[in-house]
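K.L.:
Here you go, sequence then predicted model.
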Amino acid sequence: MALMITDDCINCDVCEPECPNDAIYMGAEIYEIDPDKCTECVGHFNEPQCQQVCPVSCIPFNPAWRESEEQLRDKFERLQAAKA
């Protein structure tokens with residue numbers, strides 16, 4: 001599943017540059033995550049980097065966007081191919 005940013009976000013700006021897929025962007029009021037680009041860092045790191053750096057722990061897994069490890073890896077490969 002993709003990650004999401006909750007209303008607890010303090011807009012500290014540390015998560016956005018950590019995302020290797022450019023899935024994090026500034027929304028209307030807080031940062032948001034594009035689930036079509038979020039691979040939970042599969043293919044890049046062992047753990048989601050945004051979760052690691054978030055000082056208020058406001059980046060949980062999005063229960064509305066469930067994906068298997070295989071689906072996340074496939075998404076990673078599609079995103080990498082699109083960059084090339």
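P.N.:
Everything's here; your move.
K.L.:
now stretch 65-75, how far from the centre of its chain.
P.N.:
13 Å (C-alpha atoms, centre = their mean, to the nearest Å).
K.L.:
average pLDDT across it?
P.N.:
Stretch 65-75 shows a mean pLDDT of 95 in the predicted model.
K.L.:
Stretch 12-19 now?
P.N.:
On average, stretch 12-19 scores 98.
K.L.:
And the contacts of it?
P.N.:
5, 24-26, 31, 33, 38, 49-50, 52-56, 59 (C-beta atoms under 8 Å, 6 or more residues apart in numbering). All C-beta atoms are positioned from the backbone trio N, CA, C, and that covers glycine.
K.L.:
Among the residues you listed, which lie within strands?
P.N.:
24-26, 31, 33 (DSSP state E).
K.L.:
I'd say residue 8 and residue 56 touch.
P.N.:
Yes: Residue 8 lies in contact with residue 56 (C-beta atoms under 8 Å); the separation is 5.4 Å.
K.L.:
joint contacts of the two?
P.N.:
By C-beta under 8 Å, 6+ apart, no residue touches both residue 8 and residue 56.
K.L.:
Report the spatially closest residue to residue 7, excluding sequence-adjacent ones.
P.N.:
residue 30 (6.8 Å; C-beta to C-beta, 6 or more residues apart in numbering).
K.L.:
Narrow the ones in strands among the contacts of stretch 12-19 to just the buried residues.
P.N.:
Buried residues within those, counting neighbours by 16 or more other C-beta atoms under 10 Å: 24, 31, 33.
K.L.:
For the first one, name its beta-bridge partners.
P.N.:
Pointing back at residue 24 there. residue 33 (DSSP bridges).
K.L.:
Okay then, goodbye and thanks.
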